[in-house]
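A.B. asks: make a model of this:
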Amino acid sequence: MLTKKQIWLLAGTVIVGGVVFYIQTSKHPIIKPTKIVYPPKSGGLALNRIYQIVRQPEDLNHLLLTKTPLLLNFVRLGETASNKQTSALQHIVGKQMPKEAKAVSMVSIECDNAENVPLTIKYGARDIPSIVCLNKQLPNGYYCDKKLISQPEKYNADMETLTAWVREHAEDITGPNSKQKSA
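C.D. replies: Down below sits the predicted model:
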């Protein structure tokens, strides 16, 4: 049999636990976990990351602290040009850059809603889809495939030009001046 004090402690613990659980699973949790899509957790040091899509400006804040250059991919979900550019960029960041010992991460920013309009203005994304490279939180480059935007059904993303642009902005992790070492 529980004493009155134990019953009150148990009830208080359950109520506090329920409130904390509710807050953490709500749209605005107190502690936001870092959402990573690629690469999965493995034994090695992964430098190239593809983060989950940013739907609200505050979702980007913790990603700005990344040490490697961060590519902000401004897109409209479901739009043909955005889908083609995102697929090409994910392939380059996830498959090609690790083979070349280049470190770069990417995140797509949803531009369908009005909440992210300040991000497009802040980082100078004039066209959708477009990519802005951030190096140490400062804009360092801008990429826009005008041909893809004008006729998305006819053209695919220009892989050669996009790969060269990403390669130019990625951090070399094998050179003498690199700060990070690959595992």
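A.B. asks: ok, the closest residue to V93 other than its chain neighbours - how many residues close by?
C.D. replies: Among residues not flanking V93 along the chain, M106 sits closest, at 4.8 Å (CB to CB, 6 or more residues apart in numbering). Where you see a C-beta, it was placed from the backbone N, CA and C, and this is true even at glycine. Using other CB atoms under 10 Å, the number of residues around M106 comes to 26.
A.B. asks: state the helix or strand in which M106 lies.
C.D. replies: Under DSSP states H and E, the secondary-structure element containing M106 is strand 105-110.
A.B. asks: next SSE after that strand?
C.D. replies: Next along from strand 105-110, by DSSP H and E: helix 117-122.
A.B. asks: next helix or strand past that following helix?
C.D. replies: Next along from helix 117-122, by DSSP H and E: strand 130-135.
A.B. asks: give me the phi and psi angles of A157.
C.D. replies: phi -60, psi 140 (degrees, to the nearest 10).
A.B. asks: number of nearby residues for it?
C.D. replies: Number of residues near A157 (other CB under 10 Å) recorded here: 23.
A.B. asks: quick one: the helices in the chain, in order.
C.D. replies: Counting by DSSP state H, the chain has helices at residues 4-24, 80-91, 97-99, 117-122, 146-150, 159-169.
A.B. asks: please tell me how far I109 sits from K136.
C.D. replies: Note on I109: its distance to K136, by CB to CB, to the nearest Å, is 19 Å.
A.B. asks: mean pLDDT lowest for which of the helices of the chain?
C.D. replies: Ranked by mean pLDDT, these bottom out at helix 97-99, with a mean of 76.
A.B. asks: which strands and helices lie in contact with it?
C.D. replies: Packed against helix 97-99 by the contact rule (3 or more CB pairs under 8 Å, 6 or more residues apart in numbering; DSSP states H and E) you find no helix or strand.
A.B. asks: so which residues make contact with that helix?
C.D. replies: Outside helix 97-99, the residues that touch it by CB atoms under 8 Å, 6 or more residues apart in numbering are L47, N48, A103, V104, V166, R167, A170.
A.B. asks: let's see that with 6 Å instead.
C.D. replies: Helix 97-99 has contacts (CB atoms under 6 Å, 6 or more residues apart in numbering) with N48, V104, A170.
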